[in-house]
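Peer 1: Just the structure for this:
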Amino acid sequence: MIISSSALMTRTMRFILMTILILAVIGIATNILGFVQHTIFIAGICAVMYIVYRLIVSQQQKTSLFPKRQSGPTRAQIKKAQRTSTVKPNKQQNKRQLARKSKLARRDQPHLTVIEGKKSNKTRKWKA
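Peer 2: Predicted coordinates:
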């Protein structure tokens, strides 16, 4: 039986890959603390590289590193609104408004009449 070189290559690659995975699992199982330390160290290096990248890109584009979101009014606008909206209403104005509302509620229904016009023009069919 003749074995081709590609089949032999895949068998050896599979054997090497399985050996590396088994050794990695054994290494993690025997030294869990070292694995966690290395993982945290690599994550820290990635975070530093990302921050440096953002600083460089933001300086080139003349934008801030953490842009502000305009989702609502600013503090100055809120304070100005609080200062101007603290006017106390007069009691006389409240009584006048109540009197106006009651007069509006007492109005009678409007007397409407229907004026009938020539209906023949509306129902006439157009000749084609």
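Peer 1: where does this protein have its least confident helix or strand?
Peer 2: When the helices and strands of the chain are compared on mean pLDDT, DSSP states H and E, helix 120-123 comes out lowest with a mean of 58.
Peer 1: just checking, what packs against the helix or strand that contains residue 10?
Peer 2: Using DSSP states H and E, residue 10 sits in helix 5-30. Applying 3 or more CB pairs under 8 Å, 6 or more residues apart in numbering; DSSP states H and E, one finds that helix 5-30 contacts no other helix or strand. C-beta here means a position set from N, CA and C on the backbone, and glycine is covered the same way.
Peer 1: Buried residues, the biggest helix by length in the chain. List them.
Peer 2: In terms of residue count, the longest helix belonging to the chain (DSSP state H) is helix 32-61. Buried positions in helix 32-61, judged by neighbour count with 16 or more other CB atoms under 10 Å: none.
Peer 1: packing partners for that helix?
Peer 2: Packed next to helix 32-61, using 3+ CB pairs under 8 Å, 6+ apart, is no helix or strand.
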